[in-house]
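**Q** Mind looking at a prediction? Sequence and model below.
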Amino acid sequence: MKKVVIAGGGWAGAAAALAARNTGCEVELFERADMLLGTGLVGGIMRNNGRFTATEELIAMGGGELFQICDANSRHKNIEFPGHKHVSLYDVSAIEPAVRSALLQAGVKIHLMARIKDASVAEGRMTGVIASVLHSDGEIEAWADGFVDASGTAGPQGNCMKYGNGCAMCIYRCPTFGPRLSIAAKAGVKEIIGEKADGTLGAMSGSCKLHKDSLAPEVKEELDRTGVCVIAVPPHLQKSLESLGQKACQQYALKEFAENIVLLDTGHAKLMSAYYPLALLRQIPGCADARFEDPYAGGIGNSMRYFGMLPRDNALQVKGLKNVFCAGEKAGLLVGHTEAIVTGTLAGHNAARCALGLEPITISPELACGEAIRYVNEQMQTKEGLTKKYTFSGSVFFEHMKQKQLYSTNIDEIKKKVTQTNMGGIFAKRLSQS
């Protein structure tokens with residue numbers, strides 16, 4: 001049986017593992033931390049704006065199991081908050097066990113607290129990886145026919161110190177589990193660094209979690225009941241609109257997020273804004289006793305990301321390596337869980353195809369999923385394109401989606417379009433060796 005190895009167990013890595021397993025290949029996944037999902041452990045926003053379209057496209061293409069798990073674990077569905085419609089919010093406490101269970105039931109072999117530290121390459125093909133196991137003197141060697149680099153672009157602490165405000169003690173937990181390592185970079189591929197509009201490097205993670213019980217009772221009640229609470233910020237405490245540009249999630253760079261605190265219920269209270277120093281946050285109505293839940297030092301900021309993207313084609317094959325594919329933030333300036341699941345599914349499927357001696361496929365650009373992969377790759381070839389972030393849910397790419405008439409909430413129409421592009425059920429099909 002042919003084998004695929006996945007480096008990284010975030011949303012992208014989990015999607016890649018399921019997609020590769022669906023083809024019939026053996027799959028082994030390595031995650032440096034003690035849980036899967038990475039930023040998905042503190043995220044929670046699904047189906048907002050164009051993400052609805054991408055979600056239903058991937059379900060129609062046979063790769064939507066993770067979206068269905070999110071739907072099943074949503075605390076709120078079809079809600080709205082400024083700039084965003086038909087939103088689902090999954091429970092950040094329930095989601096990881098559900099995803100881990102799905103991977104194990106599919107037959108994926110998972111290694112937690114196993115940080116890949118080296119990779120072997122011969123004649124332009126990766127042959128294997130070596131992982132060190134935390135709290136152990138042992139190592140794990142894994143040899144495979146296809147690989148997916150879904151190791152992310154955040155950390156290590158040095159980047160947060162140099163380009164951010166220091167280690168904010170976020171969900172990545174670099175001091176405990178060590179920095180990420182890109183298997184493609186280890187094989188000699190030069191990583192790409194994203195920039196902000198002002199030319200500085202990287203971008204700050206999008207939001208913070210507040211402990212819901214630390215908020216005023218009326219705020220907590222509204223969150224539990226509706227999923228959303230919008231609190232007006234006194235004028236002298238408001239952020240400038242320009243300050244929102246430091247975030248990776250540019251779909252929230254709207255005046256509503258400068259003039260208000262927008263809280264979402266994902267189990268904790270998700271603060272949809274670049275950070276507030278705690279002393280300032282506690283001056284805002286309803287937040288007098290607020291405390292950060294993640295990152296724990298969220299009053300100084302958040303983790304810095306987009307320091308290690310990979311050059312790739314529209315099949316997500318890493319340039320310079322014949323059997324390595326990339327997903328999630330490794331695949332470029334795509335922001336969000338939905339984006340990670342889409343790229344992970346394609347990368348995992350193509351890694352399996354490569355292992356089986358089949359040509360990789362691309363997703364048709366007549367679909368939002370395919371156009372996002374194509375468009376971001378094109379934009380990243382330019383200096384200006386490297387300063388922007390792209391997402392189905394807002395900002396540059398959502399506007400592009402609408403201009404190309406790719407945005408739809410009509411599920412029947414979405415299914416029909418997937419069928420017309422010959423992509424129906426493609427990620428659910430078992431494959432045989434050529």
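**A** Perfect, thanks for sending it.
**Q** Low-confidence regions, the stretch 151-300 of the chain specifically.
**A** Applying pLDDT under 70 to the stretch 151-300 of the chain flags residues 239-254.
**Q** Okay, helices next: where are they in it?
**A** 157-163, 174-177, 183-186, 217-226, 255-259, 278-281 (DSSP state H, counting those that start in this stretch).
**Q** got a list of contacts for the third one?
**A** Spelled out, it's helix 183-186. Around helix 183-186, the neighbours that count as contacts under C-beta atoms under 8 Å, 6 or more residues apart in numbering are 7, 116, 118-119, 126, 129, 147, 149, 151, 191, 308, 310, 318, 321, 324, 326, 330. Glycine gets a C-beta too; all of them are placed from N, C-alpha and C.
**Q** Drop anything exposed from those residues.
**A** In those, burial by neighbour count holds for 7, 116, 119, 126, 129, 147, 149, 151, 308, 310, 318, 321, 324, 326, 330, counting by 16 or more other C-beta atoms under 10 Å.
**Q** Quick check: beta-bridge partners of residue 89?
**A** With DSSP bridges as the criterion, residue 89 is bridged to residue 45, residue 76.
**Q** show me where the stretch 151-300 of the chain has strands.
**A** Using DSSP state E, counting those that start in this stretch, the strands of the stretch 151-300 of the chain run over 203-204, 208-210, 228-232, 260-265, 269-271, 292-294.
**Q** what comes up buried for the third one?
**A** Within strand 228-232, the residues that count as buried by 16+ other C-beta under 10 Å are 228, 229, 231.
**Q** one step back: in CSV, list the strands of the stretch 151-300 of the chain along with distance to residue 17.
**A** As requested, the strands of the stretch 151-300 of the chain are arranged in CSV below (distance: least, C-beta to C-beta, whole Å):
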stretch, distance to residue 17
strand 203-204, 27
strand 208-210, 26
strand 228-232, 33
strand 260-265, 28
strand 269-271, 26
strand 292-294, 25
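**Q** wait, what's in contact with the residue nearest to residue 344 when sequence neighbours are not counted?
**A** Nearest residue to residue 344 in three dimensions, chain neighbours excluded: residue 15, at 3.0 Å (C-beta to C-beta, 6 or more residues apart in numbering). Contact partners of residue 15, counting by C-beta under 8 Å, 6+ apart, are 63, 66, 327, 340, 341, 342, 343, 344, 345, 348.
**Q** repeat for residue 35
**A** Neighbours of residue 35 in contact, by C-beta under 8 Å, 6+ apart: 41, 96, 100, 112.
**Q** helix or strand right after the helix or strand harbouring the second one?
**A** Secondary structure assigned from DSSP states H and E places residue 96 in helix 95-106. For helix 95-106, the succeeding helix or strand toward the C-terminus, using DSSP H and E, is strand 109-111.
**Q** ok, that following strand: who's next to it in the sheet?
**A** Partners of strand 109-111 in the sheet, by DSSP bridges, are strand 26-30 (parallel).
**Q** buried residues in the partner strand?
**A** By neighbour count on 16+ other C-beta under 10 Å, the buried set for strand 26-30 is 26, 27, 28, 29, 30.
**Q** Would you quantify the distance from the fourth one to residue 110?
**A** In this structure, residue 29 lies at 5 Å from residue 110, with C-beta to C-beta, to the nearest Å as the measure.
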